[in-house]
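> Sequence below, structure please.
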Amino acid sequence: MAACLLTVAATPALAAYYPFGPQTFVDKSQLDDWQLCFSDLYANDTATLDGILSQCSGDPLMLAAGPTGSQTLTVLAAAPRADVLFDTGQSNDPHNANGSGWYFNSDYSWGFAKQGDPILRDSCDFLESPNSDLRLCWHTDIGFLVGGYRAGATLELNNSVDYTRYIYHGVPAPNAFSFAVRGRKLIVSVQASGTVSVSDAAAPLSASAAKKKKRRRLLKPSSASGGPPTITVPLRLTKAAKGRLKQKGKVTMRARITFTPQGLPNTQSPPNTQTVKLKIKGKRKKK
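Predicted structure coming up:
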């Protein structure tokens, strides 16, 4: 009897520092949970957007800028990758996400302003009010990131070596995982070596209900160890679960999945537990 299961993904936690809206004068030490994936001088014009985004493949993304060599970033903003890269063409209608109005086009400009504030692009946004200090813009040209233009209220930086632009991306924590089911096997995608355990997570009965009937577990505990990219764990159904699957053609259960990274400091990689509803389908018994 074949069985299938809905695919479910566990979403990695966001970085500890995940600001809402544009921020000013941020010390780089606050970005320990982010990874710098690209930087160059505002004057540079040789980097391709495809190359940059290949390096900066994480999610979310953060755009930032500051004086060259400084520990302090003049302005920055972050949002989910799809929002930062949402193609707005050459319009003055930004795409709103996480407190910022984003705009992007591979042959015009890339940047942000405070959500709700107007922008005026030619090709970069050159408005100086309101909130000039909460704006950032870099020129783009036929797929290249070319001269910068503004870092907050500081404008006309197209040929400047005094300012540097930065892109950071979020990277999954060591204990992050996602999963899918193939037949009766749980395929868990992981970032580090460790152990995956699976168990029944049915809610306990109330005291009065417990006197009347006993809760039937549908999933036997199982576990497996391994390393990236995946760890495979067998899904072991109880006799009760097999009976339901045979009679009704499907069985739904709550499962608790825990990934425990190994060989990493516990403060950086505590066990990550997700509780999900699983639905296994099979062939219904003919009457």
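
> how about low-confidence regions in the stretch 101-250 of the chain?
For the stretch 101-250 of the chain, residues meeting the criterion pLDDT under 70 lie at 203-215.

> mind listing the helices in it by residue range?
207-212, 239-248 (DSSP state H, counting those that start in this stretch).

> ok, the nearest residue in space to Arg256 that is not next to it in sequence - how many residues close by?
Nearest residue to Arg256, sequence neighbours excluded (Cβ to Cβ, 6 or more residues apart in numbering): Ala201, at 3.8 Å. In short, each C-beta sits where N, CA and C put it, glycine included. Using other Cβ atoms under 10 Å, Ala201 is surrounded by 19 other residues.

> Let me see the contact set for Ala201.
By Cβ atoms under 8 Å, 6 or more residues apart in numbering, the contact set of Ala201 is 254-256, 275.

> Show me what counts as buried in stretch 92-108.
94-95, 97-106, 108 (16 or more other Cβ atoms under 10 Å).

> before we move on, what about stretch 241-248?
241, 244-245.

> TSV for those residues, including distance to Ile119?
Shown next, in TSV, are these (distance: Cβ to Cβ, whole Å):
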residue	distance to Ile119
Ala241	56
Arg244	57
Leu245	57
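
> List just the nearest of the residues you listed to Ser225.
Using Cβ to Cβ, Ala241 is the member of the buried residues of stretch 241-248 that lies nearest Ser225, at 24.7 Å.

> so how far is Gly282 from that closest one?
10 Å (Cβ to Cβ, to the nearest Å).

> what do you get for Asp93?
50 Å.

> And for Thr275?
Relative to Gly282, and taking Cβ to Cβ, Thr275 is found at 23 Å.

> who's more crowded, these two?
Gly282 (18 against 11).

> and Thr232, how many neighbours?
Neighbour tally, Thr232, other Cβ under 10 Å: 12.

> In contact with it, which residues?
185-188, 224, 226.

> try Val188
Val188 makes contacts with 177-179, 196, 230-233, 257, 259, as judged by Cβ under 8 Å, 6+ apart.

> which one of those residues is nearest Thr88?
Ser178 (30.0 Å).

> Surely that closest one and Ser189 touch.
Yes. In this structure, Ser178 is within contact of Ser189 by Cβ atoms under 8 Å, at 4.8 Å.

> Break the protein down into its structural domains.
Split into domains by automatic domain parsing, the chain comes to 23-170, 173-281.

> is it possible to export these to JSON lines including distance to Ala16?
Listed next are the domains of the chain as JSON lines, based on distance: least, Cβ to Cβ, whole Å:
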{"stretch": "domain 23-170", "distance to Ala16": "5"}
{"stretch": "domain 173-281", "distance to Ala16": "10"}
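
> packing partners for the longest strand belonging to the chain?
Scanning the chain for the longest strand, with DSSP state E as the assignment, gives strand 250-261. Other helices and strands packing on strand 250-261, by 3 or more Cβ pairs under 8 Å, 6 or more residues apart in numbering; DSSP states H and E, are strand 177-182, strand 185-190, strand 194-200, helix 239-248, strand 272-281.

> about what we covered before: between Ala241 and Gly282, which contacts overlap?
Counting by Cβ under 8 Å, 6+ apart, the residues touching both Ala241 and Gly282 are Val251.

> For the residue nearest to Phe20 when sequence neighbours are not counted, grab phi and psi.
The spatially closest residue to Phe20, leaving aside those adjacent along the chain, is Gly99, at 4.2 Å (Cβ to Cβ, 6+ apart). Main-chain torsions, Gly99, degrees, to the nearest 10: phi 80, psi 0.

> For Gly99, which residues are in contact?
Residues in contact with Gly99 (Cβ under 8 Å, 6+ apart) are 19-22, 77, 114-115.

> now Gly101
Shown in contact with Gly101 (Cβ under 8 Å, 6+ apart): 94-95, 112-117, 119.

> now do 7 Å
Residues in contact with Gly101 (Cβ atoms under 7 Å, 6 or more residues apart in numbering) are 94, 112-115, 117, 119.

> Could you dump the contacts of Val188 into a markdown table and include distance to Thr48?
Output for the contacts of Val188, formatted as a markdown table (distance: Cβ to Cβ, whole Å):
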| residue | distance to Thr48 |
| --- | --- |
| Phe177 | 33 |
| Ser178 | 30 |
| Phe179 | 35 |
| Val196 | 39 |
| Thr230 | 32 |
| Ile231 | 36 |
| Thr232 | 38 |
| Val233 | 41 |
| Ile257 | 40 |
| Phe259 | 36 |
